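*Asks:* After the sequence you'll find the predicted model.
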Amino acid sequence: MNIPFVDLKSQYHLIKDEVHKNLEPIFENTAYIGGKAVTDFENNFAQKLGVKHCVSCANGTDAIYIALKALGVELLDDVIVPANTWISSSETVTQCGARPIFVDNDENYLIDVNKIEEKITENTKAIIVVHLYGQSADMKRIMEIAKKHRIKVIEDTAQAHFAKFNGQMVGTFGDISTFSFYPGKNLGAYGDAGAIATNNQELADKMRAFANHGQTAKNIHKFEGINSRLDAIQAVVLNTKLKYIDEWNKSRNQNAKLYNKYLNGIEEIVLPKEKENCEHIFHLYVIRVQDRENLQKYLNDNGIATGIHYPLALPFTEAYSKRKHKPENFPLAYLYQHEILSLPMFPELTEEQIIYITNKIKEYYKR
Ligand SMILES: Cc1ncc(COP(=O)(O)O)c(C=O)c1O
């Protein structure tokens, strides 16, 4: 049996007719950038998330950059960033002239809230929290810390669309939240796409202008900005998919439960935990094992694709080598980067496929 890591094709076939029908007016009206489709998506997304404003943009990386600029992050500022995340969360800080200050992760791969305060100085302007793999960071503690030290909070929600913390959607706690709709994300476009959400009108206006060359109206440039717009084709795809996202997130969660059931009791494996007060939407199902490369090869030889998110935690990537980070500065991130393995995860994954995958894992450990 061949099992892909993500199966975008089977989802496309489920909604193909609807997507094609909804796309037709875009081509007939040649309304490719902006317009009703984009506004409709922004309104629907804001409503579903429960925030006042959604500003769409070209991708999830731009979303973070736009958010940082709107919060006034600039030269000589520091921004707290988790050690284990995708580089968008830190490279955008550098692009503002500021410095990402990394914090180790906890055993759930999320920023370790007990290690944040020791990294805060008078230069700290903001913290970027990442709800990694689809699970919420401890937003209660993070908001308390941010309030105490008067720093701004950006929630990088690229991997956690509509996950919850204490019954509240992630992406609604901080000053601004950012989203990626990269095709493989839980809510994925058919190309690059992103968005920013906030309850603050002033920030929303600033971000909308910044993402469109600093324009507040056609040819009125209040300041210099960038070109980061969502195109109408992606907006239509996202609007069509938005109806199904709860169902798809639920299926992912059920698939995670099946993995847990079939992998239960294999002592070589550490399974992902769904924290008690969280609704995990399992963008990724990540296990930990000591002999990852061998297991990954064995699964690959048996037709099962896997991933590693991420093979090097950010402090140890070449991009930050000048900072001379040491393993003991980020002990869990350092340890886990050698052990984490993401198994296939998508809503359409069947129990039969999960049984095949978990049987192969059992077989590997019995050899
Ligand atoms: C946590 C996180 N932040 C930001 C991004 C950036 O999103 P995009 O690829 O749309 O720029 C991603 C996407 O991989 C991500 O996983």
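*Replies:* Right, received. Where do you want to start?

*Asks:* tell me the domain ranges of the chain?
*Replies:* 8-242, 245-366 (automatic domain parsing).

*Asks:* and the ligand, which of those is closest to it?
*Replies:* For these, the distance to the ligand is smallest for domain 8-242, at 2.6 Å, taking CB to the nearest ligand atom. Where C-beta positions appear, they are placed from N, C-alpha and C, glycine not excepted.

*Asks:* before we move on, the earlier item: with distance to the ligand and mean pLDDT added, can I get the domains of the chain in JSON lines?
*Replies:* As requested, the domains of the chain are exported to JSON lines (distance: least, CB to the nearest ligand atom, whole Å; pLDDT from 0 to 100):
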{"stretch": "domain 8-242", "distance to the ligand": "3", "mean pLDDT": "98"}
{"stretch": "domain 245-366", "distance to the ligand": "8", "mean pLDDT": "97"}
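
*Asks:* Which one, of these, ends up nearest to Asn2?
*Replies:* domain 245-366 (4.1 Å; CB to CB).

*Asks:* Start and end of that closest one, how far apart?
*Replies:* One end of domain 245-366 to the other measures 38 Å (CA to CA, to the nearest Å).

*Asks:* quick one: that domain to chain centroid distance?
*Replies:* Using CA atoms, centre = their mean, to the nearest Å, the distance from the centre of domain 245-366 to the centre of the chain it belongs to is 16 Å.

*Asks:* and what of stretch 204-218?
*Replies:* For stretch 204-218, the separation from the chain centroid amounts to 24 Å (computed by CA atoms, centre = their mean).

*Asks:* which other residues reach it?
*Replies:* 52-53, 55, 57-58, 62, 66-67, 69-70, 176, 196, 198, 221-229 (CB atoms under 8 Å, 6 or more residues apart in numbering).

*Asks:* Following the chain onward from the helix or strand hosting Gln254, which element is next?
*Replies:* According to DSSP states H and E, Gln254 maps onto helix 245-263. Scanning forward in sequence from helix 245-263 by DSSP H and E, the next helix or strand is strand 278-279.

*Asks:* still on that earlier bit, out of the domains of the chain, deepest packed?
*Replies:* domain 8-242 (a mean of 20; mean count of other CB atoms under 10 Å).

*Asks:* before we move on, back to that, mind checking which of the domains of the chain is nearest Met1?
*Replies:* Nearest to Met1, of the domains of the chain and by CB to CB, is domain 245-366 at 5.1 Å.
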